[in-house]
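K.L.:
Can you look at this prediction? I've put the sequence above it.
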Amino acid sequence: MSPSLDELHAAFMRLVGPATSSPGSVGLQPGESGGPHHARSEAGPPTSPPPPAPEPGAGANASAPAAPPAPAAPCQLVDVKRRGFHLDAAVAPDQVVAAAQILDAAGFAIDTITGVDWMTAGEMEVVYDFFHLSVPLQVVVRTRVPRSTPELPTISGVFPGANWHERETHEFFGIRFLGHPDLSPLLLPEDATYHPLRKDFAGAA
């Protein structure tokens, strides 16, 4: 049986609750765009935020925002032709496993996991892309963690295919997936202590 978008939306709304942020989340803005490292996740309708301050060390013409504008709901149906997916859900870090379980039960598979470094905001964002195995449905789940302690649970126990994606995200952004069986580097040297996709990365020693 194919999942209903309305049923998925309702399940996520029950998970996240009516609040626009959850205990344990740091500055999580529900439904926010995934940012520059998640090209398909464009920002929603503009809310006319004040011009963002440039990142430390950025040139005068730097245009990357410190954080994207936030729509009003933590979980929303979006225009798939414009955004590339059907449902956008922002959850607290301790809700990512429950979110994965909702999608697993509905017949989804993991497509990719990536990170976004909102350095000025002091946050790291993790963006999960899911696709349905038999119908053309895509769901994006997002969460934010403090940049100083970027930790959240692994979802590899629900989706074994997340193992490699979490490992890569840890390697390049320094985000730790608690309970993951092996976060050793895939491409960097085994003793690497740097994360090249962080905005303050200045090159390996």
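P.N.:
Yep, it's here.
K.L.:
For this protein, just list every one of the helices.
P.N.:
With helices called from DSSP state H, the chain shows them at 5-16, 80-83, 96-105, 162-173.
K.L.:
Could I get those in CSV, plus columns for mean pLDDT and mean neighbour count?
P.N.:
Every C-beta, even on glycine, is put in place using the N, C-alpha and C of the backbone. Putting these into CSV (pLDDT from 0 to 100; neighbours: other CB atoms under 10 Å) gives the following:
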stretch, mean pLDDT, mean neighbour count
helix 5-16, 93, 16
helix 80-83, 89, 12
helix 96-105, 97, 20
helix 162-173, 93, 21
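K.L.:
where does this protein dip in pLDDT?
P.N.:
Low-confidence segments of the chain (pLDDT under 70): 1, 18-72, 189, 191-192, 194, 203-205.
K.L.:
80 instead, please
P.N.:
1-3, 18-73, 183, 185-197, 201-205 (pLDDT under 80).
K.L.:
quick revisit: ok, which of the helices of the chain comes nearest residue 152?
P.N.:
helix 96-105 (5.9 Å; CB to CB).
K.L.:
Please work out the angle formed by the directions of the closest one and helix 162-173.
P.N.:
Note on geometry: by axes from the mean of the first three to the mean of the last three CA atoms, to 10 degrees, helix 96-105 and helix 162-173 are set 140 degrees apart in direction.
K.L.:
which helices and strands sit right next to helix 96-105?
P.N.:
Helix 96-105 is packed against helix 5-16, strand 123-132, strand 138-146, strand 151-153, with contacts defined by 3 or more CB pairs under 8 Å, 6 or more residues apart in numbering; DSSP states H and E.
K.L.:
go again using 7 Å as the cut-off
P.N.:
Helix 96-105 sits against helix 5-16, strand 138-146, strand 151-153, with contacts defined as 3 or more CB pairs under 7 Å, 6 or more residues apart in numbering; DSSP states H and E.
K.L.:
Output the helices of the chain in TSV; the columns should cover distance to residue 74.
P.N.:
Listed next are the helices of the chain as TSV, based on distance: least, CB to CB, whole Å:
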stretch	distance to residue 74
helix 5-16	4
helix 80-83	16
helix 96-105	11
helix 162-173	22
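K.L.:
out of those, nearest to residue 122?
P.N.:
Proximity to residue 122, assessed across those by CB to CB, is greatest for helix 162-173 (14.2 Å).
K.L.:
re earlier: relative to residue 110, tell me which of the helices and strands packed on helix 96-105 wins on proximity.
P.N.:
With CB to CB as the criterion, residue 110 lies closest to strand 138-146 of the helices and strands packed on helix 96-105, at 10.1 Å.
K.L.:
What residues sit buried inside the closest one?
P.N.:
For strand 138-146, the neighbour count (16 or more other CB atoms under 10 Å) marks 138-145 as buried.
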